[in-house]
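Participant: what would the 3D arrangement of this be:
(2 chains)
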Amino acid sequence: MGSSTENSAFGPTRNPWDTTRVPGGSSGGSAAAVASGMVPLAFGSDTGGSIRQPASLCGIVGVKPTYGVVSRYGLIAFASSLDQIGPFAATVADAALGLEVVAGHDPMDSTSLDLPSPQLLASLDDGVSGTRIGIVEDFLSDVSPECREAVVAAGEALAAAGAKVDRVKIPELLLGLPAYYIIAPAEASSNLSRYDGVRYGLRVDGPDAETMNARTRGEGFGPEVKRRIMIGTYALSAGYYDAYYGQAQKARTLVIRAFEAAYRSFDVLLTPTTPSVAFPFGSKVDDPIQMYMCDVCSIPSSLAGHPAVSVPFALSPEGLPVGVQVLAPALGETVMMRVAASLEAAAPRQARGPVTP
Amino acid sequence: MTEYETVVGLEVHCELATATKLFCGCRNAFGEAPNTNICPVCLGLPGSLPVINRRAVELALRIGTALNCTAQRSIFHRKNYFYPDMPKDYQISQYDEPINLGGFLELVDGSRVGIERAHMEEDTGKTTHVGGGGRIREAGYSLVDYNRAGVPLVEIVSRPDISSAAQARAYVDELRSILVATGASDGRMEEGSLRVDANVSVRPAGAAEYGTRCEVKNLNSLRSLERAIGYEVARQIALLESGERVAQETRHWDEGDGRTHALRSKEEANDYRYFPEPDLAPLVPDARLLAAAAEGVGPMPAERRRRLSELLKAGPEPAERRDGSTTDQVVTVVDLGLDELVHGAVTAGADPHLSLARAANEAAANPDAAKLLDPIAFAALLKMESSGQLSATQSKEVLAELMTHGGDPARIAASLGYEQMDTAALDSMVDDVIASNPEEWQRYRAGEEKVAQFLLGKVMRATKGRANGKLVAAAFAARRSV
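Facilitator: Predicted structure coming up:
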């Protein structure tokens, strides 16, 4: 969990663009493996941005599909209503191919959609002529200049390619972050309780069962996981449920409705993927709120179950990759990936991996 | 002393008679070697996911239909608790949006008990705590059998409409027949297919407010249910009478000492942190499912008892009843699902009371075989008995044979040597017995009725039981009056 891989039990992953910086997370290992050219394709799991944020920080393409497009059977659950598996690749076409291969109905996952795999490659190069694209203004103010400028430039590039680009205000999307940090920990607290030293996970023995349980969970979980288990357990407790979990679900509904309204006017939305480029190790690890803020742009589509993709589009003055995010309504992968392909065509080649660390 | 009234609400957990578990393909079977019917899903292996068993939903809807409930869109919740009987550490259950809402159950005496809800959930594993009095904290070690984990359950929650231990028993008894009749459950309390918890309180007669209730657990039979409620009511009244208050708590029924005991509050203080189960979609009963459920629900036992009783009014009440009351027989026959057999036999011309008695007693000894009986053959046999062609004993023998091997009752009677003895042979047999037992004959003639049995026995022995007892008795009686 977390946006930097600094919470990993196996130690942090380094960003191939600058090994003093984080690769993003939580699927930062997959992103770094693709960004450094170790593999052409990797998969990650995205709950609130864990594919898109590291893809952005590592200069590669990362796709979070519509919830239910890829089976979750076999995926270690973090927040079940949000978790989705998706591909990382150096190019939009590779990512599209990866998604086509793993998508499709799975009778072992009740939330898996009973639909054939989306056909993405066939229309990937059809261009964006006439596509209605909305730049979400609400995510332009509290992000770093290079992230804001990348989105503005991306809008211009798409307009030049024939898209109808406009600005849109969707303030409800800002409710996403606080709602997410109730819902995801609540589900995580339930999903992680089976790792008790008897049934699953690490075991640290003790003189009696209670001590063994306490030691196992004390040593087996890092501080961020413990923090989320505590937040989630609290949010679901009798007397607090309505004030926290109940409110968060209402906020989630507001986010979904705001998206619905926006997608009446736009085919896709454009936002920064992250508020900043890759940050140095240790710079946010002691400030969980700062760390959580990394997901502010990626969380809304997770809450709505919508697809989103991060595409490398620019380089920061320090030479670090900057991604932009394309959001689409549920099952809008085809148009979303077509827009991503147009952005890729307009982006400087040096903005994307693989790179040699 | 104040008069008190008893208020009881029951929670009945019913294991559904499905072939497989609620969320996976493991067999739903009782009494197999521990941890053999298990898989990644019911063991909660990380990465596994639940998939709902359609048949379980259908049976749950059947129960709802049979209990006059309303079926509605429902969702599953996670009930989180830390205990080794649930491998995921949460139980998938239904909470505030259950599949069946509202309803009632009509008891044998015509009274009605309201049904609050009948919701679906998965069963837990079975824990055995070895040593330390069977409690987990004091146990030397604990064993867990996950064969039962994930078995589909329907929890039927009654309204607090039950006003006595006896009514509670009648409710569970009736509920059991309904669950069996709908095919939803095998209804075996002794195997845990049916588990009952009782919420018991008392209040001064006529009071508007409910008294403080205690939940009584470990009620493994109808008898323990009735005893436990009786005990609990007396305990609560004694507390109130001595000026004390009833504490709201969970109490454990001890069959051995016939008392309820408070469970340690530490073990019951649970905050289940319910929240909607994100791994399952809402359950919207579609038309096909509702139709399938309705089809599986025939007339309910109350209705069937009425129909059977109507049938009996048609025939004359027999002068002498040796086989229990008609009401008991009706209940038994409906309970065992043999009422269609009786209806069939009567339609084919058999005597209603005799049909009922043979169904409630002899056929009931082997209900599975009895259900397969051809009502026409059953009626033919009963007609042979009514006409005196067969004695009651012979008729029962033929019925037993008919149930085991089937066939034609007349042929079975013949093969057993029960063909009717001709009157001449019978007469000479009776005369022989009189001649060789002059003393007994004189006593019989003098009016000593019990000697009749002795004389009858002699004829029966001589004919190896082939003689019709009624005809033999009549022959002796005729000779006495000469």
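Participant: which residues sit against stretch B:336-352?
Facilitator: B:180-181, B:304, B:307-308, B:311-312, B:314-315, B:333, B:355-356, B:359-360, B:363-364, B:367, B:370-371, B:373, B:375-376, B:378-380, B:382-383, B:386 (C-beta atoms under 8 Å, 6 or more residues apart in numbering or on different chains). C-betas here are computed from N, CA, C, even on glycine.
Participant: should've said stretch A:75-84
Facilitator: Stretch A:75-84 has contacts (C-beta under 8 Å, 6+ apart) with A:1, A:45-48, A:64-67, A:69-70, A:72, A:85, A:180, A:183-188, A:191, A:302-303, B:46-47, B:278-279.
Participant: could you turn the buried ones of those residues into a ChimeraX selection?
Facilitator: Listed next is the ChimeraX selection for buried residues among the contacts of stretch A:75-84, using 16 or more other C-beta atoms under 10 Å in any protein chain shown:
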select /A:1,45,46,47,48,64,65,66,67,69,70,72,85,180,183,184,185,186,187,188,191,302,303 /B:46,278,279
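Participant: the contacts of stretch A:75-84 in strands, which ones?
Facilitator: A:45-46, A:64, A:85 (DSSP state E).
Participant: export those to CSV and tack on pLDDT and distance to B:G407?
Facilitator: Formatted as CSV, the ones in strands among the contacts of stretch A:75-84 follow (pLDDT from 0 to 100; distance: C-beta to C-beta, whole Å):
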residue, pLDDT, distance to B:G407
A:S45, 97, 68
A:D46, 97, 71
A:K64, 98, 71
A:I85, 98, 65
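Participant: in the chain, what helix or strand scores lowest on average pLDDT?
Facilitator: Reading this off chain A. helix A:288-293 (a mean of 85; mean pLDDT, DSSP states H and E).
Participant: that was the other one, I meant chain B.
Facilitator: Lowest mean confidence among the helices and strands of chain B (mean pLDDT, DSSP H and E): helix B:265-268, at a mean of 50.
Participant: and the next helix or strand past that helix?
Facilitator: Note on helix B:265-268: by DSSP states H and E, the next helix or strand toward the C-terminus is strand B:275-276.
Participant: just checking, next helix/strand downstream of that next one?
Facilitator: helix B:287-295.
Participant: can you name the residues in contact with whichever helix in chain A runs longest?
Facilitator: Of all the segments of type helix in chain A, defined by DSSP state H, the longest one is helix A:247-265. By C-beta under 8 Å, 6+ apart, the list of residues contacting helix A:247-265 from outside reads A:132, A:134, A:166, A:168, A:170-173, A:175-176, A:178-180, A:182-183, A:186, A:235, A:269, A:300-301, A:303-304, A:306, A:329.
Participant: and those residues near chain B, which?
Facilitator: A:A186 (C-beta under 8 Å from any C-beta of the partner chain).
Participant: and the contacts of helix A:247-265, which are buried?
Facilitator: A:132, A:134, A:168, A:170, A:172-173, A:175-176, A:179-180, A:182-183, A:186, A:235, A:269, A:300-301, A:303-304, A:306, A:329.
Participant: name the residues of the least confident helix or strand of chain A that are buried.
Facilitator: Result for helix A:288-293 [16+ other C-beta under 10 Å]: buried residues A:288, A:291-293.
Participant: output the contacting helices and strands for it.
Facilitator: helix A:176-191, helix A:223-236 (3 or more C-beta pairs under 8 Å, 6 or more residues apart in numbering or on different chains; DSSP states H and E).
Participant: mean confidence score for the longest one?
Facilitator: I take that to be helix A:176-191. Per-residue pLDDT values over helix A:176-191 give a mean of 97.
Participant: buried ones in the helix or strand just after it?
Facilitator: Sequence order places helix A:209-220 as the next helix or strand after helix A:176-191, per DSSP H and E. Neighbour counts over helix A:209-220 (16+ other C-beta under 10 Å) mark A:209, A:212-213, A:215-217, A:220 as buried.
Participant: helix A:209-220 to helix A:223-236, inter-axis angle?
Facilitator: For helix A:209-220 against helix A:223-236, the angle by axes from the mean of the first three to the mean of the last three C-alpha atoms, to 10 degrees is 120 degrees.
Participant: wait, does stretch B:103-121 contact chain A?
Facilitator: No: residues of stretch B:103-121 are not located near chain A by C-beta under 8 Å from any C-beta, the shortest gap being 14.3 Å.
Participant: take that stretch, keep the C-alpha atoms, and write them as CSV.
Facilitator: Below are the C-alpha coordinates for stretch B:103-121, written out as CSV (Å, rounded to 0.1, in the frame of the first residue of the first chain):
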residue,chain,number,x,y,z
GLY,B,103,-44.8,-13.1,7.1
PHE,B,104,-46.4,-15.5,9.4
LEU,B,105,-46.6,-19.1,10.4
GLU,B,106,-49.9,-20.8,11.4
LEU,B,107,-49.6,-23.4,14.1
VAL,B,108,-51.6,-26.7,14.6
ASP,B,109,-53.9,-24.9,17.1
GLY,B,110,-54.7,-22.2,14.5
SER,B,111,-52.6,-19.5,16.3
ARG,B,112,-50.3,-17.4,14.2
VAL,B,113,-46.7,-16.3,14.8
GLY,B,114,-45.4,-13.4,12.9
ILE,B,115,-42.1,-13.8,10.9
GLU,B,116,-39.8,-10.8,10.9
ARG,B,117,-37.5,-11.9,8.2
ALA,B,118,-35.9,-15.0,6.7
HIS,B,119,-32.4,-14.1,5.4
MET,B,120,-29.5,-16.0,3.8
GLU,B,121,-26.1,-16.5,5.2
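Participant: for it, what is the average pLDDT?
Facilitator: Averaging pLDDT along stretch B:103-121 yields 95.
Participant: so A:V326, which of the three states?
Facilitator: Classification of A:V326 by DSSP: H, G, I helix; E, B strand; the rest coil places it in strand.
Participant: okay, now the domains of chain B?
Facilitator: B:4-295, B:301-415, B:423-480 (automatic domain parsing).
Participant: follow-up on the earlier one: ok, and for the longest helix of chain A, which residues are buried?
Facilitator: A:247-249, A:251-252, A:254-256, A:258-259, A:262-263.
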